[in-house]
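Student: A structural model of the following input is requested.
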Amino acid sequence: IDFGAKVVETRLMVFLDYNSAPFIIGYFLNSVALGYYSLAFKVYLTVFNLLIQATQTVAKSVFPRIQDELRRLRPLYYRAVGTLSLVVCPICLGIAATAPELIRVLLGDGWLDAVPAIRLLMYTAVLITAVSYNGPILIALGRPSWLLSLVSLRTVTGILMSCAVVHWGIVWVAASFFVA
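Tutor: Predicted structure coming up:
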């Protein structure tokens, strides 16, 4: 039961991590800033859900099957990260590079203030790719408490940093998500 509790606690921390910045922006700034940040984070989540989380689902079923064979698990982990990086990095960097044009065409000039935050969150997605299989691998190795510790540290750091920089605007909040 401890194993399952740690996994659930980790999911709750991820939920807190993903929803704290909009709350902080809404509380300290205004609804316009919240709208821009929400758009930027929606773009990030779309990329994350379509590319990264989808492959994590596969990893969650494959890694436990060979958890006792570290000789097979380690290269599989590195290959999975490398392959995912080959797909995610060009897409995220392409979105970051063309964000002004994409936003102008898809949503109009009124949403261009979201572009800097979109760019930072796309760079974040590139970084997340490098550690995206840490959760599935720690779960497969029977170390959910390690995962909970890492996610909790990232969540607390992100919340504290967001609170510290929110008065400078959404770009700084996106930067805190990147740094945390």
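
Student: scan the protein for its longest helix.
Tutor: For the chain, the longest helix by residue count, based on DSSP state H, is helix 70-106.

Student: and the helices in the chain?
Tutor: Ranges of helices within the chain are 2-28, 31-47, 54-62, 70-106, 115-131, 134-140, 144-165, 170-179, based on DSSP H.

Student: quick one: buried residues of the longest helix of the chain?
Tutor: For helix 70-106, a neighbour-count test (16 or more other Cβ atoms under 10 Å) marks 73, 76-77, 80-81, 84, 88, 92, 95-96, 99, 102-103 as buried. For glycine as for every other residue, the C-beta is placed from the backbone atoms N, C-alpha and C.

Student: what does stretch 105-112 give?
Tutor: The neighbour-count check on stretch 105-112 (16+ other Cβ under 10 Å) flags Trp111 as buried.

Student: restricting to C-alpha, output it in PDB.
Tutor: The C-alpha trace of stretch 105-112 is given here as PDB (Å, rounded to 0.1, in the frame of the first residue of the first chain):
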ATOM      1  CA  VAL A 105      -2.300  33.100 -38.000                       C
ATOM      2  CA  LEU A 106      -4.200  30.800 -35.500                       C
ATOM      3  CA  LEU A 107      -5.400  33.400 -32.900                       C
ATOM      4  CA  GLY A 108      -4.700  36.900 -34.100                       C
ATOM      5  CA  ASP A 109      -2.500  39.700 -33.100                       C
ATOM      6  CA  GLY A 110      -4.300  40.100 -29.800                       C
ATOM      7  CA  TRP A 111      -2.500  37.000 -28.400                       C
ATOM      8  CA  LEU A 112       1.100  37.900 -29.400                       C
END
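
Student: with that, I have no additional questions.
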